[in-house]
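1. Turn this into a structure:
(one chain, ligands or ions: 1)
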Amino acid sequence: MIPASGSYRLANARVHRSLTPGLAAPFDADGFALVELTVADGKIASVVAHAGSKAQAEAVDLAGRIVLPCFVDCHTHIDKGHIWPRKPNPDGTFMGALNAAGADRAARWSAEDVARRMDFSLRSAYAHGTKAVRTHLDSVPPQEEISWPVFEAMREKWRGRIDLQAACLLGIEGVRDKAWFERLAKRVAAAKGVLGVVTYMVPDLEELLDQVFAQAIEHGLDLDFHADETDDLAAVSLKKIAEASLWNGFEGNILVGHCCSLARQPDLEVLDTLDKVAKARLAVVSLPMCNLYLQDRRNNGTTPRWRGVTLLHEMKARGIKVAVASDNTRDPFYAYGDLDMLEVYRMATRILHFDHPVGDWPRAVAATPAEVMRLDGAGTLAAGGNADFIVFKGRSWTELLSRPESDRIVVREGRAIERQLPDYAELDELMVE
Ligand SMILES: O=c1cc[nH]c(=O)[nH]1
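-> Here you go, the predicted model:
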């Protein structure tokens, strides 16, 4: 369907208002418009409203199929991905995940093991239509010395297909070893990475956050936190991050993931936190599939009663940048997943109500994470940008989000890619106990 030449016109393509900045077209109630999309030399030459009901002779008629820009996945853990067969989560809880993943890391995460699983994950993401991925890298000693060089090599290997970024991952208590944390920040800076920590309520949280901000400022790093991945009402580290950002005068980008406890707190507490998050210009990413899996798991024969996700609607209404992302894939934190951002968007629509109206929620898997990750031009369809987009079968939200769309066409720099998902059997030899 997509001409191999890399230069062509697609007629009757259905695009969404939220992802086509500046497009003057008659949008319908769902935010869609039919356009003619011209591709030349791997770039989008123009996106213009479709003039008539019939495609012109030389154009490819997409017959109203939805075209979205390639996805941007801003929160993943591809260093952990696919260890499930050798290290399942024994009870499906957060602590079960932490302990299982920690034991597997200590026993099995050689450079080769990490590299092979990472490459497997990236092949899946690419085949599903993702063009940029941020991964966290477990960076507790001695893993940082193994995983960061693997990441640097993997980023080179995938350059031009997936923009790969990495953020270090360690519990906030790891920052207490000041000399080691300074060395880690230097290592992250050398790899042009992002400084990341997991925050939870410890007595010296404010002091430790100050050290994190000090290192980010010294090395010119953006920040990426895991915060409050719990139903504990007392978990308010999101607010503490916003306060620390304000009093440190931080000017870089900050992305905060999870923030589950916020959804359990009383309104006054929530409002105060959201005011500070907006003022500090924090961006928030929700991980709906992993949160649904780990949160409210009681293991006492009762049914989970909340969805685990944070307050994205309230955040967006205040102008806070919000995204959704894959998080873990087939590891103790989430037993399933394949880095398919269409699946993430479909699940987010159900879990977080990204519908009625859809509004500009599609930005949460494309344009917004691209801004947070400083990827100019990614996540939108606009003249002058790379012709990186996905052609789906669906012609409406209900068609798009009701099937897996396994036969979607992924176009990169104007050409349809070969969409080969890696075979799980490739990893079998890494899974032997
Ligand atoms: O959700 C989480 C939290 C910490 N580490 C992970 O790998 N996933």
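
2. alpha carbons only for contacts and neighbour counts from here, please
-> Will do.

3. what's next to whatever helix or strand E207 lives in, contact-wise?
-> E207 belongs to helix 205-219 when elements are defined using DSSP states H and E. For helix 205-219, contacts defined as Cα atoms under 8 Å, 6 or more residues apart in numbering pick out 172-173, 175-176, 182, 185-186, 189, 195, 199, 221-223, 240-241, 244-245, 248, 250.

4. Tell me the span between the first and last residue of stretch 227-243.
-> Start and end residues of stretch 227-243 are separated by 14 Å (Cα to Cα, to the nearest Å).

5. now that stretch, how far from the centre of its chain.
-> Taking Cα atoms, centre = their mean, to the nearest Å, one finds stretch 227-243 lying 20 Å from the centre of the chain it belongs to.

6. Check stretch 95-109 too.
-> Using Cα atoms, centre = their mean, the offset of stretch 95-109 from its chain centre is 23 Å.

7. Stretch 20-36 too?
-> That offset, for stretch 20-36, works out to 25 Å (Cα atoms, centre = their mean).

8. Report the rounded mean pLDDT for it.
-> Stretch 20-36 comes out with an average pLDDT of 97.

9. got the buried residues for it?
-> Counting neighbours by 16 or more other Cα atoms under 10 Å, one finds that the buried residues in stretch 20-36 are 20, 23, 25, 27, 30-36.

10. again with stretch 178-190
-> For stretch 178-190, a neighbour-count test (16+ other Cα under 10 Å) marks 181-182, 184-189 as buried.

11. who touches it?
-> 144, 148, 167-168, 174-175, 194-195, 215-216, 219-221.

12. Show me how to select, in PyMOL, the buried members of these.
-> A single PyMOL command is used to select the members of the contacts of stretch 178-190 judged buried by 16+ other Cα under 10 Å:
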select buried, resi 144+148+167+168+174+175+194+195+215+216+219+220+221
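
13. Can you tell me which of the contacts of stretch 178-190 is closest to the ligand?
-> Nearest to the ligand among those, counting by Cα to the nearest ligand atom, is C168 at 10.8 Å.

14. Look at that closest one and report its pLDDT.
-> Here, the pLDDT recorded for C168 equals 98.

15. Could you list which of the contacts of helix 205-219 also contact the ligand?
-> Counting by Cα under 6 Å from any ligand atom, nothing from these sits close to the ligand.

16. Around P203, count how many other residues there are.
-> Neighbour count of P203, defined by other Cα atoms under 10 Å: 8.

17. Surely P85 and L430 touch.
-> No. The pair P85 / L430 is not scored as a contact, 9.5 Å apart, by Cα atoms under 8 Å.

18. quick revisit: among the contacts of stretch 178-190, which one sits closest to D113?
-> Of all these, D113 sits closest to W148, with 13.4 Å by Cα to Cα.

19. Pull out the buried positions in the helix or strand encompassing the closest one.
-> Assigned by DSSP H and E, W148 belongs to helix 143-158. Neighbour-count burial for helix 143-158 flags 143-144, 146-148, 150-152, 154-155 (criterion: 16+ other Cα under 10 Å).

20. any idea which helix or strand comes after the helix holding E207?
-> Next in sequence after helix 205-219, counting helices and strands by DSSP H and E, comes strand 223-227.

21. where's that following strand relative to the chain centroid, distance-wise?
-> Worked out by Cα atoms, centre = their mean, strand 223-227 lies 13 Å from the chain centre.

22. What strands flank it, and is each parallel or antiparallel?
-> Here strand 223-227 is paired, per DSSP bridges, with strand 195-199 (parallel), strand 254-258 (parallel).
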